[in-house]
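Engineer: Sequence first, predicted coordinates after that:
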Amino acid sequence: MAYKINDGCVGCGACAGACPVGAISEADGVFVIDADSCIECGACTGACPTGSIELDA
């Protein structure tokens, strides 16, 4: 299961900088995670100041 960014995203980009495989990109002022590239390491969750990243159920 890959991670996803929910509506709490404020577009700061901290998650993108933390992703070791570059699976996170900006789209229209918010960030999105490419599920096919995500290695489920959780680095992005620790970097997100708003807690807006969770496992995609």
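Structural biologist: Great, that's in hand. Small disclaimer: the values here were computed from a predicted structure and weren't measured.

Engineer: surely residue 40 meets residue 3?
Structural biologist: Yes: counting by Cβ atoms under 8 Å, residue 3 is a contact partner of residue 40 at 6.8 Å. All C-beta atoms are positioned from the backbone trio N, CA, C, and that covers glycine.

Engineer: and for the two, which residues touch both?
Structural biologist: Taking Cβ atoms under 8 Å, 6 or more residues apart in numbering as the contact rule, residue 40 and residue 3 both touch residue 55.

Engineer: show me where the chain has helices.
Structural biologist: For the chain, the helices defined by DSSP state H occupy 14-18, 43-47.

Engineer: what about residue 40 and residue 3, which has more around it?
Structural biologist: The neighbour comparison of residue 40 against residue 3 (other Cβ atoms under 10 Å) goes to residue 3, with 23 against 12.

Engineer: number of nearby residues for residue 24?
Structural biologist: By other Cβ under 10 Å, neighbour count at residue 24 equals 24.

Engineer: now swap in residue 14 and tell me
Structural biologist: 16.
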